[in-house]
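Student: turn this into a structure:
(chains A, B, C and D)
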Amino acid sequence: MPIGAIAALFFFTIRQMLRDAKFWAVAAVLLLPCALILTIRYFAPPIKSVEPLWEFYHSAVQFMFLMGLLPLACMIYGTGLIGAEAESRTIGYLITRRLRRRTVLLTKFIATALVLAMLGDAALAALHALTVTGHDWPSLAAKSGALADWNPMHDLTVYLGVTALGVVGFLAVFTLIGLLSAKPLALSVFYLVVFELVISNLPVGARAYSLIHQLRVTAAGAIPRLTKLFQLPDELTKRLYPAGGSGVPAALMIVGAALLIAFVLVTIRELTPAKVARD
Amino acid sequence: MTTASADRAHQYQRWQGTLGKAHWTWPAIVVNGVTLSLKHAKTRTMLLTSGVPVLTASGVFYVISLLESVVGTEQAKGLYDFLGAILRIDISGITRLAEFRDVLWRSTFLMVTKFQMFWVLIVVARVGAGLIANDLKARALPIYFSKPVTPTTYLLGKWTVVASFVAMVMLIPSLIALGLGTVLAGGPETWGQVLSLGVDVSLSGLIVCVVAGAAVLALSSITSDQRYVTVGWVAICILPILAQRIINESLPPEVTTGWLGCISLRDDIVVLTERLLRIRQGLAATGLPAERFNQALGHAVEPAKAAVVLGAFTAAAIFMSWRRVVRFSRTAATV
Amino acid sequence: MAVIELIQLSKWYGEVIGLNNVTAEIGPGITGLLGPNGAGKSTLMGLATGQLRPSKGEIRVFGESPWDNPRVLSRIGYCPEGDPFWSNLTGYQFVAFLAKLSGLGGAAARRAATEAVERTGMSPHAGRAIRGYSKGMRQRIKIAQALAHSPELLILDEPFTGADPIARHDLTNLFRDLAARGVNILVSSHVLHEVEALTQQILMIDHGRIVAQGNVQAVRRTLLDRPHAIRVRVDQPRKLASVLAGWELVTSVSVPQPDTVLFETRSPEAAYERLTSLILDDGLIVREIAAADENLEAVFGYLTQRSAK
Amino acid sequence: MTPILECERLTKRYGKIVALKGISLAIQPGVVGLLGPNGAGKSTLISVLLGQTPASSGAATVLGMDIRRGQRAIRRRVGFVPENDCLIPGMSGTGYVYYAGRLAGMSHADAMQRAHEVLDYVGMEEARYRPAEQYSSGMRQRLKLAQALVHDPDVLFLDEPTNGMDPQGRQMMLGLIGDLGRAGISVLLSSHLLPDVERVCERVIIMGGGEVLTEGRLEEMNKPHPTLYRVDFTGDAATFRRRLTDDSVHVLEQVDGGLQIALPEEGSQRLVLQAARDTATLVLGLQPKRSSLEETFMAAIQRQQQA
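Tutor: Modelled structure (predicted):
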């Protein structure tokens, strides 16, 4: 196993990612919720109890961050993992060397996932800090019933893990999409709408195939009260979001399947676009 | 005396014509941009389908005129509900419809403008995103700047391409609907009212052309990859709308009618259109209780503030694209 | 033993033909791959570096298929056509990274990169970002990354495009030096005097078919039906031309410039002999005698015109 | 004849790098070669003269018009063929040249008629109606030349017109350029391919490191040497050499398949032929040593590097 070559490609991918303007555009998009929260806290009248804060925090993380911005960031990077190099024709340098094609793909995937996970967690932490800190906590807790004992730090640690899992999951799926079609944008939007919007809300077994559902199961497993947010009838909630339950194994299965297919595709297909000129 | 020489065609012949003034090349840029876009079948179908909802407006005008002729009878009930559903103005039981016609027509156009925003988003993304980006990617700028074309002429030409497509989506179908409506519904006495409505509709259409054109050109001049421009354009249009919704829900009204209410371009344009079509005054003048029509109106933001935000944004976009194009013309366009 | 073997190799993209049923062996040393634009040169190089898959037939490099095969690929140095770069990297970083990617350790990669940059004359520019490089500098840094990991086979796609005479001069010496030390080189080009300076061993492709292979002179001789052209600069061209027109072994005579006679013959040896005695007997003052089409350009022209018929 | 182009201490700096170091130059009408290694400042000079890049200091006029104030007027009478491809995607050859004409200020009718005229001239047959992306590099080069000629310029700037083209394409392109020169259009041809410059240019300006190193008519730079010759022959080398030295023809060096010799005095080539006939050696070639443009070029560059 050419460890030196793998390490070189790993750190090269990270350095190129951080140097590219695309990274800072994606970072800005991930930090949008924070800007929103800042404006709202500045202008809003002081809150009287924990409930509105709890609801705003979890809906911002669940619906805006995990379901919206994170998949978008993973789409931009996932579809371009191989496509970007092929388009700039620099892919030729990477696949005519010491590393097999699948190793190139895996190394770039892990490097990209690492950077995106850290970026996602940083954005999440910023969101957390801007929402939760700066309140007169004891007086709020006194006036809020069941949520008085809410420990935001515990929820943050859970969400940091869920975000990382989300990044790995979405990036794997979009890497596969990038290899499946020359126009990955259309296919990605189709996947997001069908899997992450429609199927994830159907009361049917197919939910398991949606990453968002698995992320919710993982979060709900560690934060039981979270299910209140999904407004589902009780017996359905218990079946779908069991306390202590976890979507990690199912999510990792999706990741594994996506990567395996991607390995096969990257091995059998020509990645260098052929330049054809005819008289 | 014919100078018959075999390879006459292959001899280089000088040309004695005269070249026009340099500034008059921007129409050529417009014609070129429009024809190139219209070559794509998808763009053509998109343009056709985008006109349909506006033509339904003339259908609404016809229903209004029908209601006037049959007011007080049994059928009126059905027509009231129909108009109420579409215009979200509850006018059931009103008999003196003649004075209402003007405000009802204006409300129809407001509804149409809100709906057409969606089409503007798509059509401008399709035809506008690549206008400068593709020139950069194909390194075609030397063609423009080795000829006596100035950056301003270049930008004016490219902007007019976007403006003409936005006009095809908003302006022209609206004027057609207006024409159809007057033929179907109004007699000669309504022409004065129709003329002023036509002017207001054109003005609001123009605003959309200016803002959309400037925004997409600024984005298109940043990168040579058209896909990033499309994503950027969709983001500029949609994200602020979501943010505005959240702010409107979680902040008190006295804040959200001020500067904080003008975050999204779409909402600003709707506010300006309401002001231009004088809908708020029109509905208030009818004497109907407020709750009957406030659903038809957007969030009550001061139009002046919305206009300032739009103006500032457009000026910034124009300045940015102008600076980028001047830089491209300076460095033989290597991005 | 052949370095690259093509066995009934075909490659097409949709209905456009890249290579058409080609069987050949590219041996050790420097081989010039020649052909007009779009003839199939880049296709062959893409197949040899495992970036393209054969549509039919097989290609073997060092005896194995290069597709996704590090054992073979790590022994190859590939210089692609065009300008594929991560343009934010400096020249040195670009070469060092790719050296590491070829399995060299950190220190070894740095040394190899410095040496490769030095040998391609890019040391003064290695510290700057590739974005600011001129076309010639980009060519040289591309060649540097191809030879940094001291491969046994160099596959160079149009290495001289955009290189100025000095750069070409140095690169030609560099390639000759590498070949002398046992490195096999397959260099494609359509600027013929560049290839001529490098090697006599050529493989000519046109419209995806091999039109000629072997030593230039040998290929030249096979084209016997094509007359040899001889150019003579003399003080009385008209006189010489009229005499030459009388010889039946001369197929055509012309006076392109006021002091030059150009004629074609099927049997060059006899023509040269009679020409020498003619000049001496008639007391003409000759300033120059030269074969007008021995070099590649002419050979190339004949071959591609032949195959175009 | 008034020069088509004059520069007075023209300088151009990109940050620390000085691309043009105070160039003073006057170019007479005709086909002129601008020769120099990569990074010598050729493209920068053309870009400054076209007004695409502002000069840092110094002055220059093209066809008598100042490059700062008369920029648009200059571009109406100058055609430019850029080095890289500059096609507009989705346009046919005819549409592209027509559009270039319109951008130059021509009316619809003039532009359409003239587009077909120049396309005939560059030999673009039916392909002119196909989208230009499908053209081979040779055809693209011809299309670029057509777009530069559409408004009938008096001066044509060509940046590496034959770079990356195969022999047929290069011969065609050089033929067209030569023909333009004869039709009275002045051509400034910037290239690093010496054979091409040798074949088509009357005068050459050699640039290096942002300066003009030498300039002059091509014949002077390319004069055949009166007495130094190279003889290609078949037959017994030793006897031939001995016979040559006996006839006081000085043999300098044996090279593969021939000899470098020095004739005793000009015009004595007969001695070589005589020696050959007497020693049954067949002379295949007798060529004077020409200080080829390449040597002049290399010498100019070396002199500049030492200075």
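Student: now chain C against chain B: closest residue?
Tutor: Residue nearest to chain B within chain C (CB to the nearest CB): residue C:131, separated by 9.0 Å. Heads up, the C-betas are built off the backbone N, CA and C, glycines and all.
Student: spit out the contact partners of the closest residue to that residue other than its chain neighbours.
Tutor: Using CB to CB, 6 or more residues apart in numbering or on different chains and skipping residues adjacent in sequence, the residue nearest residue C:131 is residue C:87, 4.1 Å away. By CB atoms under 8 Å, 6 or more residues apart in numbering or on different chains, residue C:87 lies in contact with C:129-131.
Student: just the buried members of those?
Tutor: C:129-130 (16 or more other CB atoms under 10 Å in any protein chain shown).
Student: now secondary structure too, for the contacts of residue C:87, in CSV please.
Tutor: Output for those, formatted as CSV (DSSP: H, G, I helix; E, B strand; the rest coil):
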residue, secondary structure
C:129, strand
C:130, helix
C:131, helix
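Student: which of the contacts of residue C:87 sits closest to residue B:273?
Tutor: Using CB to CB, residue C:131 comes nearest to residue B:273 of the contacts of residue C:87, at 46.3 Å.
Student: what number of residues lie near residue B:85?
Tutor: 9 (other CB atoms under 10 Å in any protein chain shown).
Student: same check on residue C:24?
Tutor: Around residue C:24 there are 17 residues (other CB under 10 Å).
Student: correct me, but it touches residue C:6?
Tutor: Yes: counting by CB atoms under 8 Å, residue C:24 does reach residue C:6; the two are 4.8 Å apart.
Student: quick one: neighbours of residue B:180, just the number.
Tutor: That count, for residue B:180 with other CB under 10 Å as the rule, works out to 16.
Student: apologies, that question was intended for residue D:208.
Tutor: Residue D:208 has 22 nearby residues by other CB under 10 Å.
Student: distance check, it against chain B.
Tutor: Residue D:208 sits 22 Å away from chain B, going by CB to the nearest CB, to the nearest Å.
Student: what average pLDDT does the longest helix anywhere in chain D get?
Tutor: Counting by DSSP state H, the longest helix found in chain D is helix D:167-182. What helix D:167-182 shows for mean pLDDT is 84.
Student: hang on, the earlier thing: state the phi and psi torsions of the residue nearest to residue C:131.
Tutor: phi -70, psi -10 (degrees, to the nearest 10).
Student: one more: residue D:160?
Tutor: Residue torsions, per degrees, to the nearest 10, at residue D:160 are phi 50, psi 60.
Student: what's the answer for residue D:234, then?
Tutor: phi -120, psi 140.
Student: contacts only, for the residue nearest to it when sequence neighbours are not counted.
Tutor: Distances taken as CB to CB, 6+ apart place residue D:282 nearest to residue D:234, at 5.0 Å, with adjacent residues excluded. Applying CB under 8 Å, 6+ apart to residue D:282 gives the contacts C:269, C:272-273, C:276, D:233-235, D:276.
Student: re the thing from before, the longest helix of chain D: how far from the chain's middle?
Tutor: Between the centre of helix D:167-182 and the centre of its host chain there is 11 Å, according to CA atoms, centre = their mean, to the nearest Å.
Student: packing partners of it?
Tutor: In terms of contacts (3 or more CB pairs under 8 Å, 6 or more residues apart in numbering or on different chains; DSSP states H and E), helix D:167-182 is packed against helix C:296-308, strand D:31-35, helix D:137-149, strand D:186-191, helix D:194-200.
Student: again, only using 6 Å
Tutor: strand D:186-191, helix D:194-200 (3 or more CB pairs under 6 Å, 6 or more residues apart in numbering or on different chains; DSSP states H and E).
Student: pLDDT averaged over the last one - what is it?
Tutor: The average pLDDT within helix D:194-200 is 82.
Student: then it to PDB, C-alphas only?
Tutor: Below are the C-alpha coordinates for helix D:194-200, written out as PDB (Å, rounded to 0.1, in the frame of the first residue of the first chain):
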ATOM      1  CA  LEU D 194      11.700  30.400 -37.100                       C
ATOM      2  CA  PRO D 195      11.000  28.500 -40.300                       C
ATOM      3  CA  ASP D 196       7.600  30.100 -40.500                       C
ATOM      4  CA  VAL D 197       9.000  33.600 -40.000                       C
ATOM      5  CA  GLU D 198      11.800  32.900 -42.500                       C
ATOM      6  CA  ARG D 199       9.200  31.700 -45.100                       C
ATOM      7  CA  VAL D 200       6.900  34.700 -45.100                       C
END
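Student: what residues does the helix or strand just after it touch?
Tutor: Under the assignment DSSP states H and E, the closest C-terminal helix or strand after helix D:194-200 is strand D:203-208. Contact with strand D:203-208 is made by D:32-36, D:40-42, D:212-215, D:217-218, D:297, D:300-301, D:304, as judged by CB atoms under 6 Å, 6 or more residues apart in numbering or on different chains.
Student: ok now do residue B:47, which residues does it touch?
Tutor: Residue B:47 neighbours (CB under 6 Å, 6+ apart): residue B:168.
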